[in-house]
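K.L.:
compute the structure for the input listed below.
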Amino acid sequence: MLAAARLKHMSARRVGWIALFAGLVNLIASLALLTVLRPGTVASGTVISERMAYVASHHMTWMLGWSSCMAGTFSLVALFFGIVSLVESERLRGHLPLILVMVGAVSDTMGVSLQLFALPLLARSTDAVAPVLFDVMDGLTIAWTGGLNNLWYGVGFLALVPYLQQSKLPGRFAVLALTIGLVTLVWGAASFYGEVIWLVTTTAIGMMLFLLWTFDLGWYLIHQKNASASETK
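P.N.:
Numbers count the residues shown, from 1 in each chain. Below you'll find the predicted structure:
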């Protein structure tokens, strides 16, 4: 029996590139949320009519910005699939971390889809109830792609910690995953709390930690010299 997990050289490099890609895509999505998407979201602090006017007049940038967020969701799922597949252990079977993240990704995708399709239509509508529906849909987006998804993501990161501990990866990756999991749980709770300052703060901290983790993990897996760990009987 193997006492510890092993890393496959080719698989390690492949997962490393996935990690770098996930970091890059989520960096782009974060910049989009901070710049071109911010005026149309609750983070702007403006009234609904101003947010609707912005979305209506910036349709293309709005679509591109939220599409990058959708890509970030898919890249996270791919990264978890790669990490779970990479770690071989007699004591860790199944794909629990991946399943948890996939559940979160469903909620995430539902929320982003509202931003991509429903909100632009409502923003351009002249119907009297459009602002009310815009506000309701925006609230659902925050619940799905800020609240529920991050609660599942947070638990997924916590479930990933034992996999990283069983691998021959440096301990910092498990520590960072644990920290990201805890922060992401707070991030999800803050989305339901309703205070913009808490939502913005937890989002910023969570994304910075995630980017640090993905870029560090990707660089390590791609450039490590000894990808195959020794076996102990």
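K.L.:
for residue 154, give me phi and psi.
P.N.:
Main-chain dihedrals, residue 154, degrees, to the nearest 10: phi -60, psi -50.
K.L.:
now do residue 46
P.N.:
The phi/psi pair for residue 46 (degrees, to the nearest 10) is phi -90, psi 170.
K.L.:
do the same with the one 5 residues further on
P.N.:
Recorded main-chain torsions at residue 51 are phi -70, psi -40, according to degrees, to the nearest 10.
K.L.:
same check on residue 36?
P.N.:
Per degrees, to the nearest 10, the backbone of residue 36 is at phi -70, psi -20.
K.L.:
contacts for stretch 132-146 next, please.
P.N.:
Residues external to stretch 132-146 that are found in contact with it (CB atoms under 8 Å, 6 or more residues apart in numbering): 41-42, 48, 51-52, 69, 107-108, 110-112, 114-115, 118-119, 122-123, 187-188, 191-192, 199, 203. (Glycine included, C-beta is placed from N, CA and C.)
K.L.:
what about stretch 27-46, distance to the chain center?
P.N.:
16 Å (CA atoms, centre = their mean, to the nearest Å).
K.L.:
tell me which element residue 97 falls in.
P.N.:
Secondary structure from DSSP states H and E places residue 97 in helix 96-113.
K.L.:
what does that helix contact?
P.N.:
Taking CB under 8 Å, 6+ apart as the rule, helix 96-113 contacts 66, 69-70, 73-74, 76-77, 80-81, 83-84, 140-146, 148-153, 155-157, 159-160, 163.
K.L.:
list the buried residues of that helix.
P.N.:
Buried residues in helix 96-113, counted by 16 or more other CB atoms under 10 Å: 96-98, 100-105, 107-112.
K.L.:
and whatever helix or strand comes next after that helix, what's buried?
P.N.:
The C-terminal neighbour of helix 96-113 among helices and strands, as given by DSSP H and E, is helix 119-124. Neighbour counts using 16+ other CB under 10 Å place 119-120, 122-123 of helix 119-124 among the buried residues.
K.L.:
farthest pair within the residues you listed?
P.N.:
120 and 122 (7.4 Å; CB to CB).
K.L.:
picking that back up, restricted to buried residues, select the contacts of helix 96-113 in ChimeraX.
P.N.:
Here is the ChimeraX command that picks out the buried ones among these, judged by 16+ other CB under 10 Å:
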select :66,69,70,73,76,77,80,81,83,84,141,142,143,144,145,146,148,149,150,151,152,153,155,156,157,159,160,163
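K.L.:
strands along the protein, start to end?
P.N.:
Along the chain, no segments are classed as strands by DSSP state E.
K.L.:
from what I see, residue 217 and residue 18 are in contact.
P.N.:
No: assessed by CB atoms under 8 Å, residue 217 is found out of contact with residue 18, at 9.6 Å.
K.L.:
compare the two and say which is more crowded by neighbours.
P.N.:
Taking neighbours as other CB atoms under 10 Å, residue 217 and residue 18 compare with residue 217 leading, 26 against 22.
K.L.:
show the pLDDT at the more buried one.
P.N.:
We have a pLDDT of 97 for residue 217.
K.L.:
ditto for residue 198
P.N.:
Confidence score, pLDDT, at residue 198: 87.
K.L.:
that one and residue 96: what is the separation?
P.N.:
According to CB to CB, to the nearest Å, residue 198 stands 29 Å off from residue 96.
K.L.:
same thing with residue 222?
P.N.:
From residue 222 to residue 96 the distance is 26 Å (CB to CB).
K.L.:
got it, and residue 120?
P.N.:
In terms of CB to CB, residue 120 sits 37 Å off from residue 96.
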